[in-house]
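In: Predicted model and sequence follow; I will ask about them next.
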Number of protein chains: 2
Amino acid sequence: MMSAMKKSLGAKTLVYPTPVFVVGTYDKEGKPNVLTASWGGICCSQPPCVAVSLRKATFTHGNILARKAFTISIPSEEHVRQADYFGLVSGRSVDKFAATKLTPVRSELVDAPYVKEFLLVVECKLAHVIELGLHTQFVGEVMDVKAEDSVMAKGGLLDITRVKPLVFAPDTQAYYGIGKFLGQAFSVGHGI
Amino acid sequence: MMSAMKKSLGAKTLVYPTPVFVVGTYDKEGKPNVLTASWGGICCSQPPCVAVSLRKATFTHGNILARKAFTISIPSEEHVRQADYFGLVSGRSVDKFAATKLTPVRSELVDAPYVKEFLLVVECKLAHVIELGLHTQFVGEVMDVKAEDSVMAKGGLLDITRVKPLVFAPDTQAYYGIGKFLGQAFSVGHGI
């Protein structure tokens, strides 16, 4: 049997790639805050929904429950230090926007701020709260996606190579960029 | 106000990066099947859980409900055509393992098969089923992660640059590789 050839690493949170989501919220007094999270992803096409999981201890956890909304701002390669900082300190004690000289923009659609300088943002209305254990999963219904003109490709589609999003690698806990184009989906598999 | 500078793209499923998960299941008769999905991600650290969302119309949807288990095999760059193929055809009509000459391995921990030739696999026991709309979100508790020795870095950590996982870019529907190292998490943000 060949099944014993792979090495067991144990029960851990290890898949590739995981995203780097900067989650924007307001607290009860209306102070904008951001937190970086890598446990999340798209979870439904209709209605369009994105999930992000947070520990109950985070400031953002309470903010989402209070405001029923959050945004996801996608950091680019040039923002790796700021994105990491957003995961190092708590909004309870620090104004992370002031510390990084980034600008909160009030969403016109949901009760949450996003990061003006980031190239791609997603505005979400809280749709489901799912207790999974250490983390609570917040499912947000996407109300709008907004992007800078500079990252649009032809045909009005968004070009990932212009956004230059971050990838987080669990286990080694490192950030990577997006690499080379490997093929068109729903296409390169034809002919097998 | 600067908030109007970003262009609205509408309510859509568009964040970066999204993963390329090859979801392995058995059907009622014990036939192994695989399906490619990009709506998913890690959703809890304790217990370690991974989420994957599937349309009810898929063969895999019924398989997971019947067997209460699934695996996620992570395709590498060299498997981009096979991974795409797994999303193009249905296991109802095709034996996808036979068609791609890849090998199903029966998990010893959960009632599902994984892809022997893929370098990283995650074995999951079904923990939650959450109806979100067009998609059902399956939350699997990770029972084990297995990897080939060839992708281990020093200290027993898994090296993403050896796994070479795929990234799926929604909107342009294209596959990309992992790019350059950008920094250590929980580290590069210090000093801001």
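Out: Alright, I've got the coordinates.
In: quick one, phi psi at A:Thr172?
Out: According to degrees, to the nearest 10, the main-chain angles of A:Thr172 amount to phi -80, psi -10.
In: separation between the residue lying closest to it once chain neighbours are set aside and B:Val145?
Out: Spatially, and ignoring its direct neighbours in sequence, A:Thr172 is nearest to B:Leu157 (5.0 Å; C-beta to C-beta, 6 or more residues apart in numbering or on different chains). (Glycine included, C-beta is placed from N, CA and C.) For B:Leu157, the distance to B:Val145 equals 12 Å [C-beta to C-beta, to the nearest Å].
In: which parts of the longest helix seen in chain A are buried?
Out: Taking DSSP state H as the criterion, chain A has its longest helix at helix A:59-67. For helix A:59-67, the neighbour count (16 or more other C-beta atoms under 10 Å in any protein chain shown) marks A:Phe59, A:Thr60, A:His61, A:Gly62, A:Asn63, A:Ile64, A:Arg67 as buried.
In: didn't the last one look like it was pressed against A:Gly24?
Out: No: under the criterion of C-beta atoms under 8 Å, A:Arg67 is not in contact with A:Gly24, lying 10.4 Å apart.
In: hey, what's in contact with both of the two?
Out: Residues touching both A:Arg67 and A:Gly24 (C-beta atoms under 8 Å, 6 or more residues apart in numbering or on different chains) are A:Ala112.
In: A:Phe70: what's it in contact with?
Out: Contacts for A:Phe70 (C-beta under 8 Å, 6+ apart) come out as A:23-25, A:52, A:60, A:63-64, A:110, A:112, A:124, A:126, A:138, A:140.
In: tell me which of those is nearest to A:Thr100?
Out: Minimum distance to A:Thr100 across these is 12.9 Å, recorded for A:Gly24 (C-beta to C-beta).
In: which SS state does that closest one fall under?
Out: Recorded secondary structure, A:Gly24: strand (DSSP: H, G, I helix; E, B strand; the rest coil).
In: What is the neighbour count of it?
Out: The number of residues packed near A:Gly24 is 32, by other C-beta atoms under 10 Å in any protein chain shown.
In: measure it to B:Pro113 for me?
Out: Remark: distance between A:Gly24 and B:Pro113 (C-beta to C-beta) = 41 Å.
In: Geometric centre of chain A: which residue is closest?
Out: Nearest to the mean C-alpha position of chain A, counting by C-alpha atoms, centre = their mean, stands A:Phe21 at 1.9 Å.
In: shouldn't that residue be in contact with A:Ser38?
Out: Yes: using C-beta under 8 Å, A:Phe21 is in contact with A:Ser38, at 7.1 Å.
In: hmm, back to that, so between B:Leu157 and B:Val145, which is more surrounded?
Out: Legend: neighbour count by other C-beta under 10 Å for B:Leu157 and B:Val145, higher for B:Val145 (26 against 16).
In: Who are the contact partners of that one?
Out: Contact partners of B:Val145, counting by C-beta under 8 Å, 6+ apart, are A:Ser8, A:Leu9, A:Gly10, A:Ala11, A:Lys12, A:Leu14, B:Leu120, B:Val121, B:Val122, B:Glu123.
In: Can you list the strands that the host helix or strand of the first one pairs with?
Out: Of the helices and strands defined by DSSP states H and E, A:Ser8 is found in strand A:7-10. Strands flanking strand A:7-10 in the sheet, each with its direction: strand B:135-147 (antiparallel) (DSSP bridges).
In: tilt between the partner strand and helix B:59-67?
Out: Per axes from the mean of the first three to the mean of the last three C-alpha atoms, to 10 degrees, the angle that strand B:135-147 makes with helix B:59-67 is 80 degrees.
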